[in-house]
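> fold the following.
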Amino acid sequence: MPLTPIAPESLTKIAVGIDRPEDVVVGKDGRVFASDHQCAVAEIFADGSFERLGPKGGAPNGLNMDREGRVLIANFGIYDKEDGPLQRFDPATGKHETLVAQVDGKRLTSANYPVMDRAGNIWCANSTHAETWPQALDGRTDGFIFVMRPNGATSIVAEGLKFPNGLALSADEQTLFCAQTSGADVMAFPVLPGATLGPGRRYGPVLGKLQQDVPAPPAQDLGYTDGVGMDAEGNLWVCLPAANKVVAITPSLEVVTVIHDLSGEIVNHPTNITWGGADLKDLYIGSIRAGYVLKGRSPVAGQPHIHQ
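Sure, this is the predicted structure:
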């Protein structure tokens, strides 16, 4: 099915008043949760209202779920100069816990996005050890990807990355995709036995310009990559927040613009896309600027996560 562009005006604002909803995750039971800096996670209801759940602390960023319906939270500590661990929140019990605070002797300061595979491994990016935003996006290569295995053992599996951000697994789980925000691109890593990664390669082209490389580029040309998501036809959707744009890299490595809001009045700094609903065509879009989540219909179903 073709990737028909989605008109910004076809999207509906929900959870209005939420605080920096970086990401959204949808459970098998249809419950919808979003990042919120005022709590662990916020639950979004069918009428568009929301309720904050769990304790406030740090900066909940990327979200996902495990098979038991517990929400995996990458807590991005750079905002408050705090630790940035990988956490977990159970909506059924209210239990909030830290899963990983350091890996191979390195403290997590900016856990960004987690994804779990069918074997129960949790893959997650730690974007940077920079102390400020200007430093974080200056092209430094201090980011890494780590894994937490089912037995609790952790290790760094890829490093030397330029602000690694969103992650996605291919349908066969043989490839892990990772957005490099300050590389304006996406990297693809072969998944090897033992939950390790082989050397990465760029997947598709560079997706835009960077401010440090081009003086005052138009916002619509900026290629800072953020969240990624795989659809059921193998297209990798990539959010470009500075450009108010979402593109998709097809299996043939063609880049298709799926959403673009030049004004930013509706699609304002999109950071993550998530699919839900019975047919996995309900599309949710998170943001680092907007005080709401966007919901619409996708032309293609999402690739189901293990919890779906």
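
> which elements pack onto the helix or strand hosting residue 87?
Using DSSP states H and E, residue 87 falls within strand 86-89. Helices and strands touching strand 86-89, by 3 or more Cβ pairs under 8 Å, 6 or more residues apart in numbering; DSSP states H and E, are strand 71-75, strand 96-100. C-beta: built from backbone N, CA, C; applies to glycine.

> got a list of contacts for that strand?
With contact meaning Cβ atoms under 8 Å, 6 or more residues apart in numbering, strand 86-89 is reached by 40-41, 53-54, 60, 66, 70-75, 95-100, 108, 111, 114, 122, 124, 148.

> give me that answer again for 6 Å
For strand 86-89, contacts defined as Cβ atoms under 6 Å, 6 or more residues apart in numbering pick out 40-41, 54, 70-73, 75, 96-100, 111, 124.

> let's see it as PDB, backbone CA atoms only.
Provided in PDB are the C-alpha atoms of strand 86-89 (Å, rounded to 0.1, in the frame of the first residue of the first chain):
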ATOM      1  CA  LEU A  86      16.100   3.100  32.300                       C
ATOM      2  CA  GLN A  87      13.000   2.700  34.500                       C
ATOM      3  CA  ARG A  88       9.800   0.700  34.600                       C
ATOM      4  CA  PHE A  89       6.300   1.500  35.700                       C
END
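
> strand partners of it, parallel vs antiparallel please.
Neighbouring strands of strand 86-89 in its sheet, by DSSP bridges, are strand 71-75 (antiparallel), strand 96-100 (antiparallel).

> list the buried residues of stretch 220-234.
By neighbour count on 16 or more other Cβ atoms under 10 Å, the buried set for stretch 220-234 is 220, 222-233.

> could I get the average pLDDT for it?
When pLDDT is averaged over stretch 220-234, the result is 97.

> please pull out the lowest mean pLDDT helix or strand from the chain.
Within the chain, no helix or strand scores below helix 133-136, which has a mean of 85 by mean pLDDT, DSSP states H and E.

> for that one, the distance to its chain's centre please.
19 Å (Cα atoms, centre = their mean, to the nearest Å).

> same deal with stretch 111-128?
Worked out by Cα atoms, centre = their mean, stretch 111-128 lies 10 Å from the chain centre.

> okay, how far is it across it, tip to tip?
Its start and end residues considered, stretch 111-128 measures 9 Å (Cα to Cα, to the nearest Å).

> picking that back up, just checking, what packs against the least confident helix or strand of the chain?
Judged by 3 or more Cβ pairs under 6 Å, 6 or more residues apart in numbering; DSSP states H and E, helix 133-136 has no packing partners among the helices and strands.

> alpha carbons of the next helix or strand after that helix, in CSV - could you do that?
Later in the chain than helix 133-136, the nearest helix or strand by DSSP H and E is strand 143-148. The C-alpha coordinates for strand 143-148 follow below in CSV (Å, rounded to 0.1, in the frame of the first residue of the first chain):
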residue,chain,number,x,y,z
GLY,A,143,26.5,8.3,22.8
PHE,A,144,26.1,4.5,23.0
ILE,A,145,23.5,1.7,22.8
PHE,A,146,23.2,-0.8,25.7
VAL,A,147,21.3,-3.9,26.3
MET,A,148,19.6,-5.4,29.4
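
> ok, and what's touching strand 143-148?
The list of residues contacting strand 143-148 from outside it, by Cβ under 6 Å, 6+ apart, reads 100, 103, 121-128, 154, 156-159, 161, 163-164, 195.

> just the buried ones among those, please.
Among these, the ones that count as buried by 16+ other Cβ under 10 Å are 100, 103, 121-128, 154, 157-158, 161, 163-164, 195.

> quick check: residue 32 touching residue 21?
No - the pair residue 32 / residue 21 is not scored as a contact, 10.9 Å apart, by Cβ atoms under 6 Å.

> more neighbours: which of these two?
Shown here are residue 32 and residue 21; by other Cβ atoms under 10 Å, residue 21 has more neighbours (30 against 23).

> burial measure for residue 91, as a count.
18.

> what are the phi and psi values at residue 182?
phi -90, psi 20 (degrees, to the nearest 10).
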